[in-house]
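>>> This is a predicted model, with the sequence first.
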Protein chains: 2
Amino acid sequence: MEMNQQWRLAKRPVTDLSEDDFEWSEQAIPPLQAGEVLIKHLYLSLDPTNRLWVNEEDSYFPAVVIGDVMRGGGVGVVEQSLNPRYKQGDFVQGMLNWQRYAIDDGSGISKIRVTEDLPITAYHGIFGPIGMTAYFGLMDIGKPRAGETLVVSAAAGAVGSLVGQMGKQAGCRVVGLAGSDEKCRWLTETLGFDAAINYKTANIRESLLATCPKGIDIYFDNVAGEILETVLEQINIGARIPLCGMISQYNNEGAITGPKNFANILMKRATLKGFIVIDYFQREKEAFDYLEKGLRSGQLQYRVDVVDGLQSAPKALARLFNGSNTGKLIVKVDPSWQD
Amino acid sequence: MEMNQQWRLAKRPVTDLSEDDFEWSEQAIPPLQAGEVLIKHLYLSLDPTNRLWVNEEDSYFPAVVIGDVMRGGGVGVVEQSLNPRYKQGDFVQGMLNWQRYAIDDGSGISKIRVTEDLPITAYHGIFGPIGMTAYFGLMDIGKPRAGETLVVSAAAGAVGSLVGQMGKQAGCRVVGLAGSDEKCRWLTETLGFDAAINYKTANIRESLLATCPKGIDIYFDNVAGEILETVLEQINIGARIPLCGMISQYNNEGAITGPKNFANILMKRATLKGFIVIDYFQREKEAFDYLEKGLRSGQLQYRVDVVDGLQSAPKALARLFNGSNTGKLIVKVDPSWQD
């Protein structure tokens, strides 16, 4: 039997993540107990929210304990099963964590259907937590109506790019903020956004005024911080603001503070609602059906940014915070695997 | 014909309000034009939100212009009418402003029914904007469910005291924050709150922990600032926070900043929704029916703090911001009026 390889949390990053925060470890895979499943990890998902899990404070999940295998969602294939619900060759998704092999009692994983036109990577790129986050955040909280203006931050990211496309399907004017001209071109030329703003080079206030002449009805917020503040200046009465993430703030020391113009939430009778996708897992099928239909019709597109080898995971994760990834960032855990 | 007496805005207060910010003026009442109604102003409402209207920036209403009569809601009686919808002796409510007599074309006022057991002051104390604010903020946004914990700030105020009583009717555990031991006793001994915290003398964090052992499900926020921040530490997953007012911040220079622990809104999947009662005027009857039933059954109580004479209005308004009023603050515009 192969050895397992793992990244364990070595210490807690204070600001930016680095490889030193993790420790590479190898150890034998223990024999399976009754009911357990051995999963060969194929694709690991890297997400901004991972940064929260390594802080000392619990987030919506308990903090990862120093010395434990780093937490992460993944897709894998069953190699061995002592659980009647799973057999060798089944593809599964779940918290497979930062390791080559995972053992699960069956309660933490679910089967996925892999076909020629629905590759494994689609489960990270458009289905699974990413697609559900975009779908429920926009539909349940944003409540888009035709003719409204939707602004999305981190718009070239995995979630943001889907949100914008869904907004177009709902008949909205869609404006995205992204961190490079190349990303902005992808949004407008390929995905059909009405406008895109390079937040690193543009004057955000002026650019929003120019691209949202009727004000902002929905702001799908992935970043918090200054962009949220600037958007709040330009929201319409009754605006909806799904709070999905606060990536601009995750590497900061200290607390994530609210916007300086907090009173605008009252003056404009806006709704801010934080949400975490785990609360929507029971409604997975509703999102999956919408996403599969959009994917097959070509109305929803996604792109994945695949990094080779589990060894690369810490360095790759850090890329999410400087914006150098394009699309859904995933790690091909076993480079020899052929989809 | 009597002269009209008015308070006009003389200059914009920077921090605390003072009488110097207003100018007393007397002038003849112009003759009525076709369609107009002359109203003798009886009771003027003083509300925390008045403070926002005298700032330079527009709020949900345009800023009061320097030199204009100060804006304010009132109840009056029709003295003369050239409008077929109103006749002498009708009682009306509307923006009668800080003056003895108001002239309206009929579009800015509505008739109220005054009976022996529904005195005029009830329209300020429990019906009208106050009751609607409490009702729609709690019911539409707070969505109280039996067994949940509701926290109310400015709980001895006109809106807060109604919100707490409504929460009890809905089966909630209700905890109020108020600024004196006398107010706290009124909340628990007369209004049936489960607990009350004197925010001026108590440790708010510890007191909330002690009085909300199951966490906080709804926070009806009238004050913003430090109390909002402390409540956010203790909210449960899925908490609802109607943002009704930010009185702790209105006299501050500079912007009203958001809470330092803004990320808790995301972690706890909380909903913050700002609201202004004017958006609910179309649903007035729904609130009125609920409030009248509660008043007649004795399940809803209110108290009014009546100040005599229009001349007293500026000094009386300032009392809202040091907490020295008890219950709904109103000015009896004409001290000689007999209800």
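Noted; the coordinates are in hand.
>>> Extract the CA atoms of the top helix by length along chain A and return them as CSV.
Criterion DSSP state H: the longest helix present in chain A is helix A:284-297. Extracted in CSV, the C-alpha atoms of helix A:284-297 (Å, rounded to 0.1, in the frame of the first residue of the first chain):
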residue,chain,number,x,y,z
GLU,A,284,-28.6,21.0,-3.7
LYS,A,285,-30.8,19.5,-6.4
GLU,A,286,-32.6,22.8,-7.1
ALA,A,287,-29.2,24.5,-7.8
PHE,A,288,-27.8,21.5,-9.7
ASP,A,289,-30.7,21.4,-12.1
TYR,A,290,-30.4,25.1,-12.8
LEU,A,291,-26.6,24.9,-13.2
GLU,A,292,-26.7,21.8,-15.4
LYS,A,293,-29.3,23.3,-17.7
GLY,A,294,-27.2,26.5,-18.0
LEU,A,295,-24.0,24.6,-18.7
ARG,A,296,-25.6,22.4,-21.4
SER,A,297,-27.2,25.3,-23.1
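>>> ok, residues contacting the next helix-or-strand element following that helix?
Scanning forward in sequence from helix A:284-297 by DSSP states H and E, the next helix or strand is strand A:304-308. Strand A:304-308 is contacted by residues A:43, A:46, A:121, A:124-125, A:313, A:316, A:325-332, A:335 when judged by C-beta atoms under 8 Å, 6 or more residues apart in numbering or on different chains. Any C-beta I mention is one placed from the backbone N, CA and C, and that applies to glycine too.
>>> among those, which two are most distant?
A:326 and A:335 (20.4 Å; C-beta to C-beta).
>>> so who does residue A:71 touch?
Applying C-beta under 8 Å, 6+ apart to residue A:71 gives the contacts A:50, A:53, A:61, A:64, A:95, A:97-98.
>>> From residue B:331, how far off is it?
61 Å (C-beta to C-beta, to the nearest Å).
>>> Same check on residue A:125?
64 Å.
>>> per-residue confidence at the residue nearest to residue A:262 when sequence neighbours are not counted?
Excluding the flanking residues, the one nearest residue A:262 by C-beta to C-beta, 6 or more residues apart in numbering or on different chains is residue B:258, at 3.7 Å. Residue B:258 carries a pLDDT value of 93.
>>> Could you do residue A:268 as well?
Note for residue A:268: predicted pLDDT of 96.
>>> Double-check it against residue A:240; I have them as touching.
No: using C-beta atoms under 8 Å, residue A:268 is not in contact with residue A:240, being 10.8 Å away.
>>> quick one, what contacts residue A:312?
Residue A:312 sits in contact with residue A:331, where contact means C-beta under 8 Å, 6+ apart.
>>> quick one: it is in a helix?
Yes: per DSSP: H, G, I helix; E, B strand; the rest coil, residue A:312 lies within a helix segment.
>>> for the closest residue in space to residue A:7 that isn't next to it in sequence, what are its contacts?
What sits nearest to residue A:7 in space, not counting adjacent residues and going by C-beta to C-beta, 6+ apart, is residue A:98, at 4.0 Å. Counting by C-beta under 8 Å, 6+ apart, residue A:98 makes contact with A:6-7, A:22, A:44, A:69-72, A:310, A:313.
>>> Could you do residue A:69 as well?
A:6-8, A:97-99.
>>> and which of those is nearest chain B?
Of all those, chain B sits closest to residue A:97, with 21.5 Å by C-beta to the nearest C-beta.
>>> okay, now the closest one: neighbour count?
20 (other C-beta atoms under 10 Å in any protein chain shown).
>>> And what about the residue nearest to residue A:279 when sequence neighbours are not counted, helix, strand or coil?
Once flanking residues are discounted, residue A:279 sits nearest to residue B:269: 6.2 Å by C-beta to C-beta, 6+ apart. Recorded secondary structure, residue B:269: coil (three-state DSSP).
>>> go on, the one 10 residues further on?
Reducing the assignment at residue B:279 to three states with three-state DSSP gives helix.
>>> Quick check: it touching residue A:269?
Yes: the criterion here is C-beta under 8 Å, and residue B:279 meets it with residue A:269 at 6.1 Å.
>>> Comparing the two, which residue is more hemmed in?
Higher neighbour count among residue B:279 and residue A:269: residue A:269, with 19 against 15, using other C-beta under 10 Å.
>>> can you pull the contacts of that one?
Counting by C-beta under 8 Å, 6+ apart, residue A:269 has contacts A:237-238, B:60, B:273-276, B:279.
>>> Can you give me the distance of the residue of chain A found nearest chain B to residue A:204?
Residue nearest to chain B within chain A: residue A:258 (1.8 Å; C-beta to the nearest C-beta). Relative to residue A:204, residue A:258 is positioned 18 Å away (criterion: C-beta to C-beta).
>>> Quick one: the helices in the stretch 1-150 of chain A, in order.
A:50-53, A:122-125, A:128-136 (DSSP state H, counting those that start in this stretch).
>>> just the contacts of residue A:69 now: which is nearest residue A:135?
Nearest to residue A:135 among the contacts of residue A:69: residue A:97, at 25.4 Å, using C-beta to C-beta.
>>> Residue A:96 versus the nearest residue to the closest one once chain neighbours are set aside, what's the distance?
Distances taken as C-beta to C-beta, 6+ apart place residue A:69 nearest to residue A:97, at 4.7 Å, with adjacent residues excluded. The spacing between residue A:69 and residue A:96, counted by C-beta to C-beta, is 10 Å.
>>> which ones are touching residue A:220?
Residue A:220 is in contact with A:137-138, A:142, A:150-153, A:160, A:163, A:241-242, A:244, counting by C-beta under 8 Å, 6+ apart.
>>> Could you list which of those also contact chain B?
Residues shared between the contacts of residue A:220 and the neighbourhood of chain B are residue A:244 [C-beta under 8 Å from any C-beta of the partner chain].
>>> Give me the ChimeraX select line for the contacts of residue A:220, limited to the buried ones.
Remark: buried members of these, expressed as a ChimeraX selection using 16 or more other C-beta atoms under 10 Å in any protein chain shown:
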select /A:137,138,142,150,151,152,153,160,163,241,242,244
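>>> ok, back up a step: report the distance from the longest helix of chain A to the chain centre.
Averaging C-alpha positions (C-alpha atoms, centre = their mean, to the nearest Å) puts helix A:284-297 17 Å from its chain's average.
>>> can you check stretch A:245-260 too?
17 Å.
>>> mind listing what's buried in it?
Here stretch A:245-260 shows A:245-250, A:256-259 as buried, counting by 16+ other C-beta under 10 Å.
>>> could I get those residues as TSV with secondary structure?
TSV is the format used below for the buried residues of stretch A:245-260 (three-state DSSP):
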residue	secondary structure
A:245	coil
A:246	coil
A:247	helix
A:248	helix
A:249	helix
A:250	coil
A:256	coil
A:257	coil
A:258	coil
A:259	coil
